[in-house]
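Participant: next come a sequence and a model predicted from it.
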Amino acid sequence: MVRHTATSVVTIERFIIEQERMFPEATGELSGILYDMALAGKMIANKVRSAGLADILGATSDVNVQGEVQQKLDVISNEIIVKAFDHGGRLCAMASEEEPDIIHIPEGFRAGKYVLLFDPLDGSSNIDVNVPVGTIFSVYQKITRGARGEMEDMLQPGRRQVAAGYVIYGSSTMLVYTTGQGAHGFTLDPSIGEFLLSHPNIQIPTRARYLSVNDAYEQDWPEPTRALMRRYRGLDGQRSPLNVRYVGSLVADFHRNLLGGGVFCYPANEKAPKGKLRLLYEANPLAFIAEQAGGLATNGFGRILDVQPTELHERTPLYLGSKAEVETVAEFPLPQYVAPGIPERRGTRTAAPTPTVAS
Ligand SMILES: O=P(O)(O)OC[C@H]1O[C@](O)(COP(=O)(O)O)[C@@H](O)[C@@H]1O
Ligand SMILES: [Mg+2]
Ligand SMILES: [Mg+2]
């Protein structure tokens, strides 16, 4: 692998090709998917950047499968991604936060061997107030026979992802992705319209600085969760306090913690027994990035990437970020509102996930 520094002028396309060369059997289809995601990211960035000038702020009158009112930019971003991928011959199906069912490749187009799952616009509640938002994506290889993508191809444990990443639309637009060879960040240079390598081989700082949690839900948290948050705040004298930072856009909170060191938490509670965030297109892709950057991700009962999904839009409690802070979760016996979806290992309940080599 060619070694690059943050100052090398390397486009994402060139970087993807160099990574592909490490796999002589590669067909270029996965590289093509990453190109198309970079293109879709640029197109969405364009919309987000000028949102205040065009009539694309605000809500539609439609409610999505999550029961949330769709924002205009949710719908626009979803369309941009579907159009970027529905003809390329690389995918056999897609799934989106904004669509109830699998999105099949239209008849007449060659179906590829991969499936793509995505959150077209993450942090929708922040769109109208100019706070960073993002796009999150996850890619798997098809496992079923036949050309069409099936639900089984979507419901694979996160450890089987072949690629994952996100685009953050903040003070600059960045794309961070992994194919299992480290996590790498690219910054969009608007003057040339190119994503350039700016953060090669990201390593999440082991010494955490930030805690990202919405404590407006504190009254609904069970006692062990409150105790965990007291630990992070240094209130039980076991550690120095983490500084609280919460944007309310998962991508933005995760990105800060990935670069600055920290832990993001979205616990379950009686009212939300599985938390809020979606396993397939929010938790799994960021967990893959976190692990590739030396961090961890758990649902409080085990490694997020080992969860066997059962539904397309299933939710999960999420603790994600710096290794030591995520491992701390294991010290607090969180109540199990629902089965954690992780195959039981005889006699152990290990909240702290132990990353294993992808199978
Ligand atoms: O307002 P809450 O309950 O803290 O939830 C905020 C969370 O919801 C989300 O906005 C959900 O994602 P979407 O905007 O893609 O639906 C996350 O980005 C964020 O972390
Ligand atoms: Mg989201
Ligand atoms: Mg969304």
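Facilitator: Received it, and whenever you're ready, just let me know what you need. Ligands and ions are numbered 1, 2, ... in the order given.

Participant: enumerate every residue touching the residue of the chain with the smallest separation from ligand 2.
Facilitator: Closest contact between the chain and ligand 2, by Cβ to the ion, is at Asp122 (3.4 Å). Heads up, the C-betas are built off the backbone N, CA and C, glycines and all. Counting by Cβ atoms under 8 Å, 6 or more residues apart in numbering, Asp122 makes contact with Val133, Gly134, Thr135, Ile136, Tyr166, Ser249, Leu250, Val251, Glu282.

Participant: export those residues to CSV and tack on secondary structure, pLDDT and distance to ligand 2?
Facilitator: Putting these into CSV (DSSP: H, G, I helix; E, B strand; the rest coil; pLDDT from 0 to 100; distance: Cβ to the ion, whole Å) gives the following:
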residue, secondary structure, pLDDT, distance to ligand 2
Val133, strand, 98, 9
Gly134, strand, 98, 8
Thr135, strand, 98, 9
Ile136, strand, 98, 6
Tyr166, strand, 98, 10
Ser249, coil, 98, 8
Leu250, helix, 98, 5
Val251, helix, 98, 8
Glu282, helix, 98, 5
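
Participant: quick one, strands of the stretch 1-150 of the chain?
Facilitator: For the stretch 1-150 of the chain, strands defined by DSSP state E, counting those that start in this stretch occupy the ranges 59-63, 69-71, 91-96, 103-104, 114-122, 133-141.

Participant: any idea how far the residue of the chain closest to ligand 2 is from Asp189?
Facilitator: 23 Å (Cβ to Cβ, to the nearest Å).

Participant: next: Val162.
Facilitator: 28 Å.

Participant: likewise Ile103?
Facilitator: Noted for Ile103: a distance of 31 Å to Asp189, by Cβ to Cβ.

Participant: who's more crowded, those two?
Facilitator: The neighbour comparison of Ile103 against Asp189 (other Cβ atoms under 10 Å) goes to Ile103, with 21 against 15.

Participant: that one bridge partners, please.
Facilitator: For Ile103, the beta-bridge partners are Met94 (DSSP bridges).

Participant: could you check the pLDDT of it?
Facilitator: The score at Ile103 is 96. That number is its pLDDT.

Participant: surely it and Asp86 touch.
Facilitator: Yes - Ile103 is in contact with Asp86 according to Cβ atoms under 8 Å; the separation is 7.5 Å.

Participant: between the two, what contacts are shared?
Facilitator: With Cβ under 8 Å, 6+ apart as the test, Ile103 and Asp86 both reach Met94.

Participant: and stretch 97-105, is it in reach of ligand 2?
Facilitator: No - Stretch 97-105 stays clear of ligand 2 (Cβ under 5 Å from the ion), getting no nearer than 6.2 Å.

Participant: for that stretch, how far is the first residue from the last?
Facilitator: 17 Å (Cα to Cα, to the nearest Å).

Participant: buried ones in that stretch, by neighbour count?
Facilitator: Neighbour counts over stretch 97-105 (16 or more other Cβ atoms under 10 Å) mark Glu97, Glu98, Glu99, Ile102, Ile103, His104, Ile105 as buried.
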